[in-house]
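Engineer: What follows is a predicted structure for the sequence shown.
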Amino acid sequence: MERTIRSSKTITTIIFMKNFRFLSLMLFAAAMTFLLVPLFGIIPSSCFGAGIICLYWLPGESGVLGMNNTNNFSARDSYRIAKQLLFNAMRNDPKFGDVAGNPKGDRDCNDWVNSRKFSQSEIRLEVELNAVNNSFIFGLTATQQNSSNIIFNTENRLTMQDTLFCNEYGFFVGNPTSTVDTTWELKTYGNPITFGAGTDANLLNTTLYDHGYFRMTCNNDVIIPYRGLFNHWYRPETQQTAAFGAGSPLDQIRGAEDGCITEEPNLMLIGSKGYIPQIVLPSNMALTATHIRAVLLFKGPLAQNSTSVS
């Protein structure tokens, strides 16, 4: 009951803030229209005011506010939500008292949440693709194995003591020359220069991106049953057509946004639990390269020393 009340208050606050921002914009547009009428007349001034209001509803490249990594408003909101989620998850812990509505327990839990070290962060998980399997598992922590049975030197896994509140994540492919190569690039599609103009690039664009999907379980509970990898597919306007040089630019890409999609409700990745991120394909891919890699980037606020093994 207490948790429901807190959640209702949170939702009410979010709705109020959104309405407040919209009303503030309306007042600003009305004031600007009023000030411009003597200079330009009623019709041009009214159009200017209406244009300001319309901009509120127009999405940017990745949404109304943009992705979390490129917008301070979104980042601040994700931080506030992360703290609330951590409070809700920990409030019934015996060390804070399990009596609903206990003011001391609420204060103690809130103090504990505020004492955690938060930062915008990300974890990076990788797995090597092959020509035999049609599903591939990523290892979330260092104690978990991926399908390759390798912790690659370019990974950044979640520590068991920490929690990541993922509000967006990205999926990429790459073509290292070995398991320890660090000179390869992340791609958002099957680039024919990177993966070869033949089979491999086509398989990545079709079997993987067009028809594959992402799923996640936690302790055998299905958290994400199906989310298509096509959401991450991005073939840029400017594409590499030959070896990099004066006549052939590299792929256009913005690392903070391209290949990433939002994750609402937030995905709470707790290092001490058994999460299994996985990509599933309709069939195996007859890849010819031996080190093609799939990469998952989970992004959002990280709370250090916030799990039961802290």
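Structural biologist: Cool, the structure landed.
Engineer: OK, contacts around the residue lying closest to Y79 once chain neighbours are set aside?
Structural biologist: Once flanking residues are discounted, Y79 sits nearest to P301: 5.0 Å by Cβ to Cβ, 6 or more residues apart in numbering. For glycine as for every other residue, the C-beta is placed from the backbone atoms N, C-alpha and C. Going by Cβ atoms under 8 Å, 6 or more residues apart in numbering, P301 touches 78-79, 82, 118-121, 164-165, 167.
Engineer: what about 7 Å?
Structural biologist: Each residue near P301 by Cβ atoms under 7 Å, 6 or more residues apart in numbering is listed here: 78-79, 82, 118, 120, 165.
Engineer: For the helix or strand where V222 lies, give me every contacting residue.
Structural biologist: Counting by DSSP states H and E, the element that carries V222 is strand 221-228. The contact list for strand 221-228 (Cβ under 7 Å, 6+ apart) reads 213-217, 267.
Engineer: State the paired neighbours of it in the sheet, together with their directions.
Structural biologist: Paired strands of strand 221-228, with direction, are strand 213-218 (antiparallel) (DSSP bridges).
Engineer: Can you pull out the residues in contact with the strand it pairs with?
Structural biologist: 171, 223-229, 273-280.
Engineer: switch to 8 Å and redo it
Structural biologist: 171, 222-229, 267, 273-280, 296.
Engineer: filter those residues to the buried ones?
Structural biologist: Buried members of the contacts of strand 213-218, scored by 16 or more other Cβ atoms under 10 Å, are 171, 227, 229, 267, 273, 275-279, 296.
Engineer: Can you tell me which of those residues lies closest to R107?
Structural biologist: Closest to R107 out of these is K273 (27.0 Å), distances taken as Cβ to Cβ.
Engineer: Please name the nearest non-neighbouring residue to the closest one.
Structural biologist: Nearest non-adjacent residue to K273, counting by Cβ to Cβ, 6+ apart: C218, 5.6 Å away.
Engineer: gap between the one you found and E168?
Structural biologist: Noted for C218: a distance of 19 Å to E168, by Cβ to Cβ, to the nearest Å.
Engineer: higher neighbour count, those two?
Structural biologist: Per other Cβ atoms under 10 Å, whichever of C218 and E168 has more neighbours is E168, with 25 against 18.
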